[in-house]
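Colleague: Any chance you can model this:
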Amino acid sequence: MDDQMQLGTCKKIAVDSQSWIARRGGKALGAFIELDNNSSMDKKGNPDSSIRIGRIPLSTQMEEIAAAVKYQEQGTSYIVTLDLRCGPQYSSTKRRITVEFFHTFSHQELSDPFSLGESGGPSIKFELELNEEWRNVSVLLNFEELRPSLVLRLRINDFLDPNPRSGDWIEFRNVNVKSCSSQLRISSLLSSSPNVEQEIITPYVRVIKRKSAECLTTFSPVDFPPYKYNTFDLFAGIAYSRVFISDPTNSWYNDGIPGLGTSIAETLEEMKKIHDFLGPKHLTTFGASMGGYGAVLFGTYLNAGTIVAFNPELRLGVDGERNTGFMGAKKHSIPDLYARVLEHTGKKFLFFSSQDRFDKLHMEEARFKLGTNVSLYSISSGHQIKSILNDYHWLSHLIEKKSLNAAYLNTNIEKL
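Modeller: Take a look at the predicted model:
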């Protein structure tokens, strides 16, 4: 370990015999960098080296403390895989880590990756939750233009330990990158080891495998941006395996999802592979608006133990309603979910806004067609129910207990 590294210096380290350069933050005073050559061997018998880049907390001025640069990997779509963990040591506390990938060709940017900003080339950014246990992460990166270099930048979002030397660090190993097809299927990235805690990140699908008998699969509403994941923050405190799915075409999940398939049938088959890999004893599907339709659609096909849906349109193709506003006259693969809901034997919690005329019509139709087959609730609100969906107190109780009572119910919600 070099405690006296001067401002702006870096160490060049080859990771897995690839042309990666590891650096610390150019303005992070008191940062340190370590190379561990004594760890296990890789599949080819070479040292499975790791790099730990950290800070001496009392003197550090910047949060950016780690970066790695990959040269001359041609393509616009990449799969990057690596193992990550973070300190302080002997702490099970989950830390929020910001991961950024920049696609660039500027030599100045490569020599100082911490100067990269919005003008530094196309970038993709997301957050991870890590502790000192290794987590295997696979990321599908889709860029619109060809550039020769890829920069990985890591940042600890929250500092825990104020004591020098024992505190904050990020460690990474087994960094690999290769060009790939943007149509890559998620199942091809699943680990063959059942005990690996793995995370797979693509523009519209994210899979987090944890040591849990529960899985929560969330479907996003319309216009959800790539590499953003609905309820990722809201349910961060629930230690389930997680799956996040968005429909970039706003087709109510009828036309498939990039990474899963081009139809409901292909998407369902891929989702079955993912959930088999996660191995939950209980699956909960969750969504609102278009995501509510997705939660009901795939929840019934996957035999979810619990379905939670807010303002789902269980019948598509009605003139003037939201789905036709986005889909127009396009033919729906499954326009009516009522039969599927009646056949489903698990728990179903459906919530409808009483102050929106379309949601109210769907609520009345659900009361008539579904009767006691589901738990129906009325929300005193318009279609946009952010305050309801941000109320962790009652939603976490619903997700974890699979039931609701008056003590936990949000004051704007009434059971029908």
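
Colleague: With residue 172 as the reference, measure out to residue 85.
Modeller: Distance, residue 85 to residue 172, using Cβ to Cβ, to the nearest Å: 8 Å. Just so you know, the C-beta spots here come from the backbone N, C-alpha and C atoms, and that holds for glycine as well.

Colleague: Pick out whichever of those two has more residues nearby.
Modeller: Between residue 85 and residue 172, counted using other Cβ atoms under 10 Å, the more crowded position is residue 172 (23 against 19).

Colleague: Kindly indicate whether that one is helix, strand or coil.
Modeller: Using DSSP: H, G, I helix; E, B strand; the rest coil as the criterion, the local structure at residue 172 reads strand.

Colleague: Same question for the one 5 residues further on.
Modeller: Recorded secondary structure, residue 177: strand (three-state DSSP).

Colleague: quick one, what contacts the nearest residue to residue 227 once chain neighbours are set aside?
Modeller: If you skip the residues right next to it in sequence, residue 227 has residue 126 as its closest partner in space, 5.0 Å away by Cβ to Cβ, 6 or more residues apart in numbering. The neighbours of residue 126, taking Cβ atoms under 8 Å, 6 or more residues apart in numbering as the test, are 98, 99, 201, 227, 228, 229.

Colleague: Quick check: phi and psi at residue 126.
Modeller: Main-chain torsions, residue 126, degrees, to the nearest 10: phi -160, psi 170.

Colleague: Quick one: distance of the helix or strand harbouring residue 340 to the chain centre.
Modeller: Using DSSP states H and E, the element containing residue 340 is helix 338-343. For helix 338-343, the gap between its own C-alpha mean and the chain's C-alpha mean amounts to 30 Å (Cα atoms, centre = their mean, to the nearest Å).

Colleague: How about residues contacting the helix or strand just after it?
Modeller: Later in the chain than helix 338-343, the nearest helix or strand by DSSP H and E is strand 347-353. Strand 347-353 is contacted from outside by 292, 296, 299, 305-312, 341, 359-360, 362-363, 366, 370, 373-379, 381-383, 385, 388, 398, 402-404, 413, using Cβ under 8 Å, 6+ apart.

Colleague: And the average pLDDT for strand 347-353 is what?
Modeller: For strand 347-353, mean pLDDT is 96.

Colleague: Only C-alpha atoms, please: export it in PDB.
Modeller: Included here for strand 347-353 are C-alpha records, laid out as PDB according to Å, rounded to 0.1, in the frame of the first residue of the first chain:
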ATOM      1  CA  LYS A 347     -53.700 -13.600  -3.400                       C
ATOM      2  CA  LYS A 348     -54.700 -10.600  -5.400                       C
ATOM      3  CA  PHE A 349     -54.800  -7.000  -4.200                       C
ATOM      4  CA  LEU A 350     -56.200  -4.500  -6.700                       C
ATOM      5  CA  PHE A 351     -56.400  -0.800  -6.100                       C
ATOM      6  CA  PHE A 352     -58.300   1.700  -8.200                       C
ATOM      7  CA  SER A 353     -58.500   5.600  -8.100                       C
END
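
Colleague: Identify the residues contacting the helix or strand following that strand?
Modeller: Later in the chain than strand 347-353, the nearest helix or strand by DSSP H and E is helix 357-370. Applying Cβ under 8 Å, 6+ apart, the external contacts of helix 357-370 come out as 311-315, 320-322, 338, 341-342, 350, 352-354, 374, 376, 378, 383, 416.

Colleague: Got a ChimeraX select line for the buried ones in those residues?
Modeller: Buried members of the contacts of helix 357-370, identified by 16 or more other Cβ atoms under 10 Å, are gathered into one ChimeraX selection as follows:
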select :311,312,313,314,315,321,322,338,341,350,352,353,354,374,376,378,383
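
Colleague: tell me which residues in stretch 170-182 are buried?
Modeller: Using 16+ other Cβ under 10 Å as the burial criterion, the residues of stretch 170-182 that qualify are 170, 171, 172, 173, 174, 175, 177, 180, 182.

Colleague: My guess is the fifth one contacts residue 80. True?
Modeller: In other words, residue 174. No - taking Cβ atoms under 8 Å as the contact criterion, residue 174 and residue 80 are not neighbours in contact, 10.9 Å apart.

Colleague: Quickly list the domain ranges of this structure.
Modeller: Split into domains by automatic domain parsing, the chain comes to 1-182, 202-416.

Colleague: Turn the ones you listed into CSV, including distance to residue 188.
Modeller: Output for the domains of the chain, formatted as CSV (distance: least, Cβ to Cβ, whole Å):
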stretch, distance to residue 188
domain 1-182, 9
domain 202-416, 10
